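Q: Mind folding the following:
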Amino acid sequence: MNRLILTSLALSAIALIAPRPASAANLVIDDSALNSTITVTASQFDRAPFVFGGTTVNGSLTFSEGTAATGPITYAFSGSFATAGPLIPPNSGIIAFAEAGGGISDILTFNYTGGGAGGVANLTGSFVSDLDPGGTLVAPPGATLVAEGTPFTFNNINITAFAISDASDTSVPEPASLALLGGGLLGFGIVLRRRKRV
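A: As a prediction, the model looks like this:
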C-alpha cells in the first residue's frame with residue numbers, strides 16, 4: 001500500500017513539473033470601423049504583456065486614428081509569449097494598406113525574435129494610422145501592399161495575429177436606397193402637381 005501511495009505521489013509531482021504546451025497568443029489590430037477608432041484585442045501574452053502605444057492590452061481596447069489635427073499616429077507595440085518550437089519565416093514584414101483611390105491608409109511593421117521548444121518569442125512592431133480617405137502616408141521601400149478591408153495575417157508558432165485597415169467610405173449607394181429616394185421624389189412631385197391644379 002505504501003508503495004502505491006509513493007508511486008502516486010511521484011507521478012503527481014512529475015505531472016506538476018513537466019512542461020506543458022503553451023497556450024496560443026492572439027492579436028487583432030482592427031482599423032476597419034469608420035468611426036475614427038482602432039480596436040486592439042490581445043490575449044495569452046504569458047511571458048510579457050502586450051503593450052500597444054504604451055497601454056497594456058489584455059482583452060479589447062480602442063485607440064484613436066489619425067485626424068486632421070494630429071496627422072498620422074504611430075503606435076509602437078510589443079509582447080512575449082511561450083513557444084513550443086522554432087519561429088516560422090517570415091519573421092518580419094512591412095505592410096502598407098492601399099486605398100482604392102490611391103494612397104496608403106495604414107502601415108504595419110512586425111518582427112518576431114526568440115522562440116524554440118520551451119522558449120519565449122517576442123513580437124515587436126508598429127501600426128501607423130492615417131486619415132481616411134486621402135491619407136498622406138507613403139509606402140516604405142520593400143513594403144507589401146494589401147488592399148484596405150483585406151485582413152493581413154502574420155501568424156507564427158503559438159500565435160495567431162492579423163491586422164485590417166478600413167475601406168474608404170466612398171461607397172456607391174445601393175440600388176434599393178436609390179429606388180427609395182426616387183420613389184419619394186416622385187411622390188413629392190405628384191403632391192406638388194395636384195396642389196397647383198387646385
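Q: OK, contacts around the residue nearest the centre of the chain?
A: Closest residue to the average C-alpha location of the chain: Ile29 at 1.7 Å, with C-alpha atoms, centre = their mean. Counting by C-beta atoms under 8 Å, 6 or more residues apart in numbering, Ile29 makes contact with Ile38, Val40, Phe52, Leu108, Phe127, Phe162, Ala163, Ile164. Backbone N, C-alpha and C define where each C-beta goes, glycine included.
Q: Next, count neighbours for the third one.
A: Think Phe52. Using other C-beta atoms under 10 Å, Phe52 has 22 neighbouring residues.
Q: about what we covered before: and for the residue nearest to the centre of the chain, nearest residue in space, chain neighbours not counted?
A: Take Ile29 and drop its neighbours on the chain: the residue closest to it by C-beta to C-beta, 6 or more residues apart in numbering is Ala163, 4.1 Å away.
Q: Following element in sequence after the lowest-mean-pLDDT helix or strand in the chain, please.
A: Lowest by mean pLDDT, DSSP states H and E among the helices and strands of the chain is helix 2-17, with a mean of 47. The first helix or strand that comes after helix 2-17 along the chain, using DSSP states H and E, is strand 25-31.
Q: Which strands border that next one, and is each parallel or antiparallel?
A: strand 37-43 (antiparallel), strand 159-165 (parallel) (DSSP bridges).
Q: For the first one, give me every contacting residue.
A: Think strand 37-43. Residues contacting strand 37-43 (C-beta under 8 Å, 6+ apart): 25-31, 33, 50, 52, 57-65, 75, 79, 127, 129.
Q: what inclination does the following helix or strand past it have with respect to strand 37-43?
A: Toward the C-terminus, strand 37-43 is succeeded by strand 48-52 as the next helix or strand (DSSP H and E). In terms of direction (axes from the mean of the first three to the mean of the last three C-alpha atoms, to 10 degrees), strand 48-52 departs from strand 37-43 by 170 degrees.
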